[in-house]
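**Q** missing the sequence, but the structure's below:
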C-alpha cells in the first residue's frame with residue numbers, strides 16, 4: 001500500500017506541474033487518510049470523489065450533496081482544490097466557460113486510478129453481491145408481469161423488422177444441421193478439464209432433442225458404441241449453472257455463472273452463425289458491436305464535441321435480460337427458438353441461496369448472453385426513440401439512425417434529443433440505467449473505456465495490480481511493467497522515471513524495447529536498445545525477463561482426440577503440437593532471464 005500511495009504522490013506533483021498549481025496539501029491529505037482508513041481510501045473513497053466530479057461536469061456545477069466525506073472551501077471541496085479551481089468557479093461552483101482540460105484529466109487520473117485494482121472483496125461484500133443477484137432475479141419476475149400487451153406487441157414488431165434476415169439465416173443453418181460446436185476456454189459447472197470436455201459423459205434430454213448426442217459427441221457413427229454410457233439427464237436432474245464471484249473492484253465483485261460443459265458446447269455452436277449473420281446486415285453491423293469498441297469510442301468523442309449524442313451505461317445488464325423477451329424475440333423461428341432454449345441453463349446454484357430457477361435469459365458466462373442482450377437493448381432503444389418522436393418507426397427510419405445509435409454490451413449511445421424516453425423505456429423493460437456513468441447534459445462522454453470532454457481525450461491509466469514484493473510475483477511484475485509503459489505513453493514521464501528506478505531495483509534487467517517485444521522492458525519514443533547481436537542472425541538482442549507459461553498436463557486420446565481435431569482444425573489448423581498432451585489456461589506464469597529480441 002505504501003508504494004501505491006507514493007505512486008499517487010508522484011503523479012499528483014507531476015499533474016500539478018502540468019496545471020501550474022500545487023498538490024502539497026492534497027498529498028498530505030492522502031497520506032493521512034490512507035494511514036487512517038487503509039486501502040479503501042484509495043480504492044473506494046477516491047473513486048467516489050472521481051464519479052462525483054464527472055457528475056459535476058455533466059451538471060455544469062458542483063452540488064453540495066456530492067463529495068461526501070470531504071471538507072469544503074467556498075464553493076469547492078478542499079481536496080484537489082487547486083485543480084478544481086481551474087475547472088469550476090471557486091465561489092459559486094459553476095463550471096467555467098473555458099475549464100482547464102489538463103486539470104479535468106488530472107483530477108480523473110488522481111481519483112479513479114485505483115478503482116479497478118484486482119483484489120478480492122471482503123466476505124461481507126461478496127455475500128451482499130450474491131444477495132443482489134437473487135434480488136435481481138426477483139426484479140426480473142416483477143417486470144415480466146408488469147409489461148403491457150402494447151409494449152410486448154411493439155417490441156415484437158420492431159424485432160421482426162430488425163432481425164428477420166438474421167434469424168431466418170440462422171434458423172436455416174440449424175434446420176439443415178450445419179452447426180459446428182465448440183468448447184469455450186473457461187471453467188465449467190461440472191469441473192471438466194480443457195481436454196476432458198471432449199469426452200464428457202453427460203448430456204441432457206432437452207439438448208438431445210435438438211443437438212443429438214450422436215451428431216455432437218463423436219466424430220462419426222463408427223464410434224456410436226462409445227456414447228452408450230452417456231448419462232442423459234432429465235430436466236429436473238440437469239446440472240445448474242454455478243454462480244461465482246470474480247474480482248472487479250474492492251467495493252463489489254463481478255458475479256458470473258459457469259455453464260455446464262454440454263450447454264456451453266452447444267451455445268458456442270450458435271454464437272458464430274448469429275454474429276456472422278448480424279455482420280452481414282449493414283445497418284445492424286453499424287448499430288451492434290461485439291468485438292470492436294472503437295466505433296463506440298469515436299461516437300463518444302463526437303458526442304462530447306457536438307453534444308448531440310448521449311452515452312448510457314447499464315448496471316447488472318446481463319442479469320436483467322428476461323428470458324420472456326428472448327422467447328418473444330425469436331419466437332417465430334422454430335429451429336432457432338428450440339436450439340436456444342435447449343442450451344439455456346434453467347437453474348443456477350447461488351452460494352448462500354441454493355439452486356434457483358431463473359427468469360433471466362442467462363448470466364454473464366453464457367456464450368449467448370452478450371449477443372442476445374445487445375439485440376434486445378437495441379430493440380428497447382428504438383422503442384424509446386419511437387415514443388420520443390411520437391411515430392411508428394419503419395425500417396427506413398431505423399436505417400436513418402446509423403451513426404447515432406450503437407450498442408456494445410451495456411454501453412449504449414443514443415441521440416440526446418431522445419435520451420429521456422429511451423431511459424424511461426429501458427426502465428420499463430427492467431433494465432437499470434447507471435445514472436452516475438451516463439452522460440448527456442454537459443460535454444463529458446464515456447463509452448467502452450474511453451472518456452472525452454469537449455473533443456479532448458481525458459482517459460486515464462488504471463492500476464490493475466498491487467506492486468510486487470519479489471521477482472517471483474510474476475503476475476504483479478508484469479502488471480507494474482505494463483503500468484509503467486501506459487503511463488509513459490500517457491505523458492507522465494517524471495512518474496515513469498521513479499517507476500523505472502523501482503522496477504530496476506526489483507528485476508535488475510530492464511532494457512528499452514519496442515511494445516512488440518516479448519521482453520519485459522521499458523517502452524520509449526527513442527526506440528529500442530541493443531546490448532549484443534545474435535551470433536548467426538546478426539539481429540539485436542537485449543538481456544531481460546521473458547514471460548513464459550505452459551498449459552497443464554491434460555492427455556486426450558481415442559474418439560475425443562479425433563473429435564477435437566475435426567472441430568478445431570478450421571481452414572488453417574492452429575492447434576499446437578502438444579494439444580493432446582497439454583491443454584487449458586496456464587495455472588501460473590513465470591519470468592525467465594534470457595537474451596531475446598527487443599523488437
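**A** Looks like it arrived, so ask away. All figures in this text were calculated on a predicted structure; none of them were measured in a lab.
**Q** give me every residue that touches the spatially closest residue to residue 14 that is not a sequence neighbour.
**A** Spatially, and ignoring its direct neighbours in sequence, residue 14 is nearest to residue 494 (4.7 Å; Cβ to Cβ, 6 or more residues apart in numbering). Using the backbone N, CA and C atoms, a C-beta is placed for each residue, glycine as well. Going by Cβ atoms under 8 Å, 6 or more residues apart in numbering, residue 494 touches 10, 13, 14, 17.
**Q** and residue 494, helix, strand or coil?
**A** helix (DSSP: H, G, I helix; E, B strand; the rest coil).
**Q** quick one: it from residue 373, how far?
**A** Distance of residue 494 to residue 373, given as Cβ to Cβ, to the nearest Å: 43 Å.
**Q** try residue 557
**A** With Cβ to Cβ as the criterion, residue 557 and residue 373 are 39 Å apart.
**Q** and what of residue 388?
**A** Distance, residue 388 to residue 373, using Cβ to Cβ: 22 Å.
**Q** who's in contact with residue 184?
**A** Counting by Cβ under 8 Å, 6+ apart, residue 184 has contacts 264, 268, 367.
**Q** out of these, which sit inside strands?
**A** Within those, no residue falls in strands by DSSP state E.
**Q** who wins for neighbours among those residues?
**A** Within the contacts of residue 184, residue 264 tops the neighbour count with 26 neighbours, counted by other Cβ atoms under 10 Å.
**Q** in terms of packing, which of residue 557 and residue 373 has more residues around it?
**A** A count of neighbours by other Cβ under 10 Å puts residue 373 above the other of residue 557 and residue 373, at 27 against 11.
**Q** excluding residues flanking it in the chain, which one is nearest the more buried one?
**A** residue 321 is the one closest to residue 373 (Cβ to Cβ, 6+ apart), at 4.7 Å.
**Q** what's that neighbour in contact with, if anything?
**A** With contact set as Cβ under 8 Å, 6+ apart, residue 321 has these partners: 360, 361, 362, 369, 372, 373, 376.
**Q** are any of those buried, and which?
**A** Buried subset of the contacts of residue 321 (neighbour count, 16 or more other Cβ atoms under 10 Å): 360, 361, 362, 369, 372, 373, 376.
**Q** does residue 561 touch residue 219 like I think?
**A** No - look at residue 561 against residue 219 with Cβ atoms under 8 Å: they stay out of range, at 9.1 Å.
**Q** ok, which stretches of the stretch 451-599 of the chain are strands?
**A** 456-457, 512-513, 522-523, 532-533, 540-549, 589-596 (DSSP state E, counting those that start in this stretch).
**Q** parallel or antiparallel, which strands does the second one pair with?
**A** When you say that, I think you mean strand 512-513. Paired strands of strand 512-513, with direction, are strand 522-523 (parallel) (DSSP bridges).
**Q** circling back: could I get the contacts of residue 321 as JSON lines with distance to residue 274 and pLDDT?
**A** Formatted as JSON lines, the contacts of residue 321 follow (distance: Cβ to Cβ, whole Å; pLDDT from 0 to 100):
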{"residue": "360", "distance to residue 274": "19", "pLDDT": "95"}
{"residue": "361", "distance to residue 274": "14", "pLDDT": "95"}
{"residue": "362", "distance to residue 274": "14", "pLDDT": "93"}
{"residue": "369", "distance to residue 274": "12", "pLDDT": "94"}
{"residue": "372", "distance to residue 274": "8", "pLDDT": "96"}
{"residue": "373", "distance to residue 274": "12", "pLDDT": "95"}
{"residue": "376", "distance to residue 274": "13", "pLDDT": "96"}
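**Q** just the residues you listed now: which is nearest residue 2?
**A** Nearest to residue 2, judged by Cβ to Cβ, of the contacts of residue 321 is residue 369 at 40.5 Å.
**Q** please, which helix or strand holds the closest residue to residue 403 other than its chain neighbours?
**A** Distances taken as Cβ to Cβ, 6+ apart put residue 286 closest to residue 403, at 7.1 Å, once the chain neighbours are dropped. Per DSSP states H and E, residue 286 falls inside helix 282-287.
**Q** hmm, who's touching the next helix or strand after that helix?
**A** Going down the chain from helix 282-287, the next helix or strand is helix 294-306, by DSSP H and E. With Cβ under 8 Å, 6+ apart as the test, helix 294-306 has contacts from 286, 289, 308-311, 403-404, 406, 408, 411, 413, 416, 443-457.
**Q** what's the neighbour count on the residue lying closest to residue 489 once chain neighbours are set aside?
**A** With Cβ to Cβ, 6+ apart as the criterion, residue 489 has its nearest non-adjacent residue at 7.1 Å, and that residue is residue 523. Around residue 523 there are 21 other residues, counting by other Cβ under 10 Å.
**Q** show me what residue 523 bridges to in the sheet.
**A** Beta-bridge partners for residue 523, by DSSP bridges, are residue 513.
**Q** so it makes contact with residue 490?
**A** No - counting by Cβ under 8 Å, residue 523 does not reach residue 490; the two are 11.7 Å apart.
**Q** look up how far residue 520 lies from the closest residue to residue 471 other than its chain neighbours.
**A** Once flanking residues are discounted, residue 471 sits nearest to residue 507: 5.4 Å by Cβ to Cβ, 6+ apart. Residue 507 is 7 Å from residue 520, where distance means Cβ to Cβ.
**Q** for residue 443, same thing?
**A** For residue 443, the distance to residue 520 - Cβ to Cβ - is 39 Å.
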